[in-house]
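Novice: Let me see the structure of the following:
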Amino acid sequence: MKKIDQILSNFTAWEDAVNWMGVVDVELPNFEALTETLKGAGIAGESTTPVIGHFGSQTTKLNWQTLSPDATKLAEPKVHALDFRGNQQIFDPLNGYINQEVVVKTRCVPTNFSPGKFAVSAATETANEFEVHYVKIMIGGKTTIEFDKFNFVYIVNGKDYLEEVRKNLGL
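Specialist: Residues are numbered from 1 along each chain as shown. Presented below is the predicted three-dimensional model:
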């Protein structure tokens, strides 16, 4: 019987895999492929084709409840290793609830720091934004995606789609 993915029951955010960053929510990076439109002889119209393993700017955003020391520390203009560790709740109709680990690891540099606003009895809506250069997604202890923009690595479910490209480029 099919197991039903339900929710991310909770997660933690870490800097350098050891410094817990507190109460924050995270917008993870998108994988939007670079594309080119093909047209010409042999094609009935146009076709948009992705450039395999090449993606547009990837960003991640951290939204804070308050203007915290962790938020200001992440404004430092350096490479930050940010890890997000979560628990996904899955329902198995035969055996009940299952907890599954999900981890997203990133290396990124800050591109925007917004201290937010001051309002009585309200969150400050402080935010950090980053350009992501590396991202690794692990589900249930298995790496499902690993992308390293500067080292030409794009692995999905164990297959490195840029391995031959690296070889052809002499990398």
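
Novice: What is the end-to-end distance of stretch 32-45?
Specialist: Looking at stretch 32-45, the gap from its leading to its trailing residue is 23 Å under the measure C-alpha to C-alpha, to the nearest Å.

Novice: Return the distance of it from the chain's centre.
Specialist: For stretch 32-45, the distance from its own C-alpha centre to the chain's C-alpha centre is 28 Å (C-alpha atoms, centre = their mean, to the nearest Å).

Novice: Need the contact partners of it.
Specialist: Outside of stretch 32-45, the residues that reach it under the criterion C-beta atoms under 8 Å, 6 or more residues apart in numbering are E46, S47, T48, T49, P50, V51, I52, H54, F55, G56. For every residue, glycine as well, the C-beta is placed using N, CA and C.

Novice: So what's the predicted local confidence for the residue nearest to the first one when sequence neighbours are not counted?
Specialist: So the one you mean is E46. Excluding its sequence neighbours, the residue lying closest to E46 (C-beta to C-beta, 6 or more residues apart in numbering) is K39, at 4.5 Å. The confidence metric pLDDT takes the value 92 at K39.

Novice: And W14, by the same measure?
Specialist: W14 carries a pLDDT score of 95 in this model.

Novice: Name the residues of stretch 76-94 that are buried.
Specialist: Residues H80, L82, D83, F84, R85, G86, Q88 are the ones in stretch 76-94 that count as buried (16 or more other C-beta atoms under 10 Å).
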